[in-house]
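*Asks:* Sequence and predicted structure are below.
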Amino acid sequence: MDFKKIGITGLCGFVAMSVIGGITFELFYKDHMGKVAEKFPDLLQFPPDMAMAMLGGVFYIFVMAIIYDKMGVNSVESGAITGAWFGAAKWTFINTQWMAMMPNIFQVNYVVIDIVLSAVMYGVAGAAMGWALDRFKS
């Protein structure tokens with residue numbers, strides 16, 4: 001495994017995901033999760049522990065970089081497409097599981113918006129990773 005390629009690709013994806021994540025947090029998630037935290041203060045910590053969130057994000061984005069490399073993603077376009085369907089599929093699964101367990105928190109309107117925002121966020125991160133992987137083509 002080319003650690004330099006995966007490292008740079010992961011870093012590009014992490015920066016892109018962080019920027020888009022910060023924007024979507026301010027525009028959507030902050031209000032929604034703030035209201036949920038008020039309603040269920042023993043269940044949800046708000047604001048979230050960003051150290052834990054970043055740790056998970058770093059781990060996950062580097063796994064994505066390895067997967068994208070193995071899948072042959074090597075352009076902005078292929079990265080954006082792969083990222084968008086990957087993010088939408090991942091969050092459709094997770095959100096429907098949460099809806100099954102916590103319907104008062106994860107309602108259909110929230111889930112639909114979250115899936116769309118996740119597709120955009122992962123699409124942008126995927127584009128950044130595709131761009132980086134393109135730089136390492138032989």
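*Replies:* Perfect, thanks for sending it.
*Asks:* Find the helix or strand that the residue nearest to residue 24 when sequence neighbours are not counted is a member of.
*Replies:* Closest residue to residue 24 apart from its sequence neighbours, by Cβ to Cβ, 6 or more residues apart in numbering: residue 117 at 5.0 Å. No exception for glycine: its C-beta is placed from N, CA and C like everyone else's. Using DSSP states H and E, residue 117 maps to helix 108-135.
*Asks:* so where's this protein uncertain?
*Replies:* Across the chain, the ranges flagged by pLDDT under 70 are 138.
*Asks:* quick one: the helices in it?
*Replies:* Under the criterion DSSP state H, helices of the chain are mapped to 3-24, 30-39, 50-71, 76-101, 108-135.
*Asks:* Can you redo the ones you listed as JSON lines, where the extra columns are mean neighbour count?
*Replies:* Supplementary listing: these in JSON lines, determined by neighbours: other Cβ atoms under 10 Å:
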{"stretch": "helix 3-24", "mean neighbour count": "18"}
{"stretch": "helix 30-39", "mean neighbour count": "14"}
{"stretch": "helix 50-71", "mean neighbour count": "15"}
{"stretch": "helix 76-101", "mean neighbour count": "17"}
{"stretch": "helix 108-135", "mean neighbour count": "21"}
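*Asks:* neighbours of residue 104, just the number please.
*Replies:* By other Cβ atoms under 10 Å, 8 other residues sit near residue 104.
*Asks:* List the contacts of it.
*Replies:* For residue 104, the contacting residues are residue 39, by Cβ atoms under 8 Å, 6 or more residues apart in numbering.
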